[in-house]
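Asks: I would like the atomic coordinates for the input below:
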Amino acid sequence: MQNQLTVEERVIVAIRRITRSVDIHSDFLKRNFGLTGPQLTILRVVKRLQPVPAGEVARTANFNQGTLTGIFDRLESNGLVSRTRHAPDRRTVMLRLTAEGDRVLAAVPFLLRKRCLESLETMPASEQALLLKMLEHLAHLMEDDSPIA
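Replies: Numbering: from 1, shown residues only. Got it, this is the predicted structure:
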């Protein structure tokens, strides 16, 4: 059946499979740990870069600022991150992971499924780099804002 599909159709099927897998795992995380996929992503970025300005989190994790504000509100109300104004420029909001946020991150599995993570870890660095390059290239192609041909 796959051989009867065009390359374009096979790309769409592969993207759909990836999206579905991420959605299913994200639902598991929400049910079992109370975190959505985007919340978990933001927690991991904050942990790695802290103290980090909110704008840097938006750029690093590829979220728009409006979406992030709601995520930050929920993470802060759950005691997982703290937000403070940066002294030199009060417009800048700095984020830090709280002790509770650190504890939650230690307990929550990664957003990618275990089998995927294990396969990535055993893959040679050159293959990891190629896979990442191709995924980033595909994402760039899909984000193209030019008129539809």
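Asks: wait, Ala54 touches Val93, no?
Replies: Yes: at 4.5 Å, Ala54 counts as touching Val93 under the criterion of CB atoms under 8 Å. All C-beta spots, glycine's among them, are computed from the backbone N, C-alpha and C.
Asks: what about those two, which has more around it?
Replies: More crowded of Ala54 and Val93, by other CB atoms under 10 Å: Ala54, with 20 against 16.
Asks: check what pLDDT the more buried one gets.
Replies: You'll see Ala54 listed with a pLDDT of 88.
Asks: make residue 1 into 16 and carry on from there
Replies: Done: numbering now begins at 16, and the last item shifts to Ala69.
Asks: residue contacts, the residue nearest the centre of the chain?
Replies: Geometric centre of the chain, nearest residue: Thr56, 4.0 Å, by CA atoms, centre = their mean. Shown in contact with Thr56 (CB atoms under 8 Å, 6 or more residues apart in numbering): 76, 126.
Asks: go on, Phe78?
Replies: Neighbours of Phe78 in contact, by CB under 8 Å, 6+ apart: 53, 57, 72, 86.
Asks: per-residue pLDDT, it?
Replies: What the model reports as pLDDT for Phe78 is 88.
Asks: three-state assignment of it?
Replies: Of the three states, Phe78 takes coil under DSSP: H, G, I helix; E, B strand; the rest coil.
Asks: quick check: phi and psi on it?
Replies: Torsion angles at Phe78 (phi, psi; degrees, to the nearest 10) stand at phi -120, psi 150.
Asks: now it: how far from Phe87?
Replies: For Phe78, the distance to Phe87 (CB to CB, to the nearest Å) stands at 10 Å.
Asks: hmm, Arg111 is touching Pro66, no?
Replies: Yes: with contacts defined as CB under 8 Å, Arg111 counts as touching Pro66 at a distance of 5.2 Å.
Asks: quick one: common contacting residues for Phe78 and Phe87?
Replies: Counting by CB under 8 Å, 6+ apart, the shared contacts of Phe78 and Phe87 are Ile57.
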